[in-house]
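Enquirer: Need coordinates for the following:
(one chain, ligands or ions: 2)
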Amino acid sequence: MNALILVDLQNDFCPGGALAVNEGDQTIPIANKLMEHFDLVVATQDWHPIDHGSFAANNPEKQIGELHELGGLPQVMWPVHCVQETVGAEFVDELNKENITKVFVKGTDRNIDSYSGFFDNDHKKATGLHQYLQSNQVEKVYVMGLALDYCVRFTAIDAANLGYKTYLVQDGCRGVGLKEEDIPNALNEMTEKGVIIINSEEIKNYL
Ligand code: VGL
Ligand code: ZN
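Expert: Ligands and ions are numbered 1, 2, ... in the order given. Purely as a prediction, here's the structure:
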């Protein structure tokens, strides 16, 4: 079985949102089109409590974009984003949500961030995504979404490490790019870890 993994296609990561990714909304038509090729479509959803430790606002004297620490790990300070039960945390309206079989929330523990859709950043707690894919006999996963240099990157690398044949659909992703090299570095790192980078137009060649 093949699974499409849609990473964080939420309002806050799109233009006008709290942590807007440049052209983030352009990933939505690609997600909608790709769904037609998959029996199993799962989505991750960044889902933070308002007091989450990754928010600069919850760390006195820390500015957005600065590096700090959370749960004993280096942590970028983010604007308040994807707060549970807010419009910013909702999936983008134009996304065909009826085709999503299951949603996995992450970042719910205020004391640790979770970029990957599989585990928190310390790999201590699983979201249930791996178990769900295993119970559906999934062998190949196709990852796309927001943001390429954070949640997409860690989701794809965890998938490859867990033994899935892992494809990254590059045109279905956009990155934050805090530093200029972040997006090319993310692509290189994924390739090194065995992730195969493809384009949505050639999906049929890789199913
Ligand atoms: C993300 C930063 C903070 C992402 C989530 O979805 O890539 N980035 N929280
Ligand atoms: Zn977040």
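
Enquirer: Enumerate every residue touching the residue lying closest to residue 191 once chain neighbours are set aside.
Expert: Leaving aside its sequence neighbours, residue 191 sits nearest to residue 197 (CB to CB, 6 or more residues apart in numbering; 6.4 Å). Where you see a C-beta, it was placed from the backbone N, CA and C, and this is true even at glycine. Each residue near residue 197 by CB atoms under 8 Å, 6 or more residues apart in numbering is listed here: 167-168, 170, 187, 190-191.

Enquirer: Can you turn the buried part of those into a PyMOL selection?
Expert: Here is the PyMOL command that selects the buried residues among the contacts of residue 197 (16 or more other CB atoms under 10 Å):
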select buried, resi 167+168+170+187+190
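
Enquirer: need the strands for this protein, in chain order.
Expert: Using DSSP state E, the strands of the chain run over residues 2-7, 40-46, 67-70, 73-76, 102-106, 140-146, 165-174, 196-198.

Enquirer: Nearest to residue 23, out of these?
Expert: Of all the strands of the chain, it is strand 165-174 that lies closest to residue 23, at 5.0 Å by CB to CB.

Enquirer: pLDDT at the closest residue to residue 162 other than its chain neighbours, what is it?
Expert: Closest residue to residue 162 apart from its sequence neighbours, by CB to CB, 6+ apart: residue 130 at 5.7 Å. Note for residue 130: predicted pLDDT of 98.

Enquirer: residues in the protein within reach of ligand 1, list them.
Expert: Where the chain comes near ligand 1, counting by CB under 6 Å from any ligand atom, the residues are 8, 13, 46, 78, 146-147, 150-151.

Enquirer: now, among these, which is nearest to residue 86?
Expert: The nearest one, if we look at the residues of the chain next to ligand 1 relative to residue 86 and count by CB to CB, is residue 46, at 11.3 Å.

Enquirer: I'd say that closest one and residue 11 touch.
Expert: No: using CB atoms under 8 Å, residue 46 is not in contact with residue 11, being 10.8 Å away.

Enquirer: Between the two, tell me which one has more neighbours.
Expert: Neighbours were counted for residue 46 and for residue 11 using other CB atoms under 10 Å; residue 46 has more, 31 against 22.

Enquirer: who does that one bridge with?
Expert: Beta-bridge partners recorded for residue 46 (DSSP bridges): residue 106.

Enquirer: who's in contact with it?
Expert: Neighbours of residue 46 in contact, by CB under 8 Å, 6+ apart: 8, 10, 12-13, 81-82, 89, 105-107, 151.

Enquirer: ok, now residue 204?
Expert: Neighbour list for residue 204: residue 37 [criterion: CB under 8 Å, 6+ apart].

Enquirer: residues shared between the contacts of residue 46 and residue 11?
Expert: residue 89.

Enquirer: Tell me where the protein is predicted with low confidence.
Expert: Within the chain, no stretch has pLDDT under 70.

Enquirer: Enumerate the residues of it near ligand 2.
Expert: Residues of the chain found near ligand 2 (CB under 5 Å from the ion) are 46, 107.
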